[in-house]
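# Generate a structure from the sequence data that follows.
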Amino acid sequence: MTNSFALALHGGAGTISPQYMTAEKEQEYRAALGQALAVGYAVLAQGGSALEAVELAVRSLEDCPLFNAGRGAVFTHEGHHEMDAAIMDGRTRAAGAVTGVRSVQNPIRAARLVMEKTEHVLLGYPGADALARQHGLPLQPVEYFFTQQRYDQLQEALAEGRMRLDHSQAQETATPLLEPSAFPNEDPKKKMGTVGAVARDVHGHLAAATSTGGMTNKQHSRIGDSPIIGAGTFADNRTCAISCTGHGEFFLRAVVAHDISCLMEYRGLSLSEACRIVVHDKLAPVGGEGGLVAVDAAGNVALPFNSEGMYRAYQTSADAGPFVAIYRD
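Purely as a prediction, here's the structure:
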């Protein structure tokens with residue numbers, strides 16, 4: 001129906017199993033996902049824009065230390081934080097993104113600044129931080145981004161001599177192709193990955209937003225798929241809005257978000273079928289672990305993932321209430 005609206009979001013994908021999760025901790029994650037969903041959905045229910053809804057939903061997740069974005073961002077090899085974010089408006093296909101920001105409380109707000117206040121799409125550190133400061137965005141000292149759990153992860157990764165995907169198992173990231181079966185089992189309580197949201201508003205406009213702290217122990221200012229338009233984030237009113245989470249290098253190579261849109265536009269596939277082909281037929285066979293949230297021009301929602309679990313939630317105007325889930329089943 002023409003006035004339908006929908007919001008979907010994620011908080012990371014990976015080896016997420018009930019056996020590693022206490023009831024109390026699971027409730028914390030579900031509550032945080034539900035809160036972010038409620039914030040964004042309220043915007044849509046009041047006739048607000050999809051762009052505003054995804055930004056506010058992602059800001060809520062950035063402010064929660066449970067997730068690897070904003071306040072909960074992981075540590076780099078040098079012991080600081082380098083955060084990435086992107087936002088895209090499906091109505092105009094305008095987009096903005098930032099990489100490596102260090103002091104911005106909500107990197108997604110800085111990404112929107114790039115989209116709306118500059119002629120550019122992607123700004124890196126230190127310019128992105130300077131732009132945020134110039135426009136009065138809230139900045140935080142390094143202590144704000146410190147969590148003991150993230151610091152302990154860094155020490156483990158340093159001891160192992162590896163970068164560590166926060167939403168997946170520890171692995172040698174230099175290995176070009178890893179079969180999913182080669183991933184060792186590891187306590188996934190440490191895997192809280194990238195956050196993101198997609199929405200369709202009552203006016204039929206789509207939007208997508210993604211934010212991440214990247215990889216634990218990452219070096220050389222590594223950038224993943226999250227701030228790259230067409231890879232980890234994409235929105236086009238004609239097709240869909242996508243926000244990805246997973247092993248960024250694989251999502252970059254596969255141009256995942258745009259590929260789904262192309263399958264819909266050029267082959268006429270449904271949202272669910274296009275997502276299935278990309279996530280399960282293209283990514284999974286080469287070890288591209290992860291998932292995404294998606295919404296199409298009609299307000300249909302898809303939340304595919306090829307990992308053991310994905311922190312996710314969605315609600316549409318046709319639903320009696322919100323859907324929040326963590327595990328595969």
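
# Quick check: His258 touching Thr233?
No: counting by CB atoms under 8 Å, Thr233 is not a contact partner of His258; they are 9.7 Å apart. Backbone N, C-alpha and C define where each C-beta goes, glycine included.

# ok, the two, which is more surrounded?
Taking other CB atoms under 10 Å, His258 and Thr233 do not tie; Thr233 has more neighbours (33 against 20).

# what pairs with that one across the strands?
Ile229, Ser243 (DSSP bridges).

# what does Val301 give?
The partner list for Val301 in beta bridges (DSSP bridges) reads Val295.

# got a list of what Val58 touches?
Leu9, Ala36, Ala69, Ala85, Asn106, Ile108, Val195, Gly196, Ala197, Ala209, Thr210, Ser211 (CB atoms under 8 Å, 6 or more residues apart in numbering).

# Sort out which of those residues are in strands and list them.
Leu9, Ala85, Val195, Gly196, Ala197, Ala209, Thr210, Ser211 (DSSP state E).

# in stretch 300-318, what counts as buried?
300-317 (16 or more other CB atoms under 10 Å).

# Adding pLDDT and neighbour count, write the contacts of Val58 out as TSV.
Shown next, in TSV, are the contacts of Val58 (pLDDT from 0 to 100; neighbours: other CB atoms under 10 Å):
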residue	pLDDT	neighbour count
Leu9	98	31
Ala36	98	27
Ala69	96	35
Ala85	98	34
Asn106	98	27
Ile108	98	31
Val195	98	36
Gly196	98	34
Ala197	98	35
Ala209	99	34
Thr210	98	38
Ser211	98	34
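
# from these, which is closest to Gln19?
Nearest to Gln19 among the contacts of Val58: Val195, at 24.1 Å, using CB to CB.

# wait, doesn't that closest one sit right on Glu62?
Yes: the pair Val195 / Glu62 is scored as a contact, 6.8 Å apart, by CB under 8 Å.

# Find the residues that touch each one of these two.
Ala69, Ser211.

# For the chain, which segments count as strands?
6-14, 83-89, 94-101, 122-124, 164-165, 195-200, 206-212, 215-216, 233-235, 240-246, 290-296, 301-302, 309-316, 323-327.

# now the angle between strand 195-200 and the first one, please.
Looking back up the chat, that one is strand 6-14. Going by axes from the mean of the first three to the mean of the last three CA atoms, to 10 degrees, strand 6-14 is angled at 160 degrees with respect to strand 195-200.

# Adjacent strands (with direction) for strand 6-14?
Here, using DSSP bridges, strand 6-14 pairs with strand 195-200 (antiparallel), strand 309-316 (antiparallel).

# Quick one: closest of those to Thr99.
Nearest to Thr99, of all the strands paired with strand 6-14, is strand 195-200, at 15.6 Å by CB to CB.

# Quick one: neighbours of the closest residue in space to Thr245 that isn't next to it in sequence, just the number.
Distances taken as CB to CB, 6 or more residues apart in numbering place Thr194 nearest to Thr245, at 4.2 Å, with adjacent residues excluded. Neighbour count for Thr194, taken as other CB under 10 Å: 34.

# What separation do you get for Thr194 and Tyr144?
Applying CB to CB, to the nearest Å, the value for Thr194 to Tyr144 is 20 Å.

# Tell me which residues touch the residue nearest to Leu61 when sequence neighbours are not counted, please.
Nearest in space to Leu61, with sequence neighbours left out and distances taken as CB to CB, 6+ apart, is Val195 at 3.9 Å. Residues near Val195 by CB under 8 Å, 6+ apart: 9-12, 36, 58, 61-62, 67-69, 210-212, 245.

# same thing with Arg276?
Pro304.

# measure it to Gly291 for me?
When Arg276 is compared with Gly291 (using CB to CB), they lie 11 Å apart.

# so what sits against both of these two?
With CB under 8 Å, 6+ apart, Arg276 and Gly291 have common neighbours Pro304.
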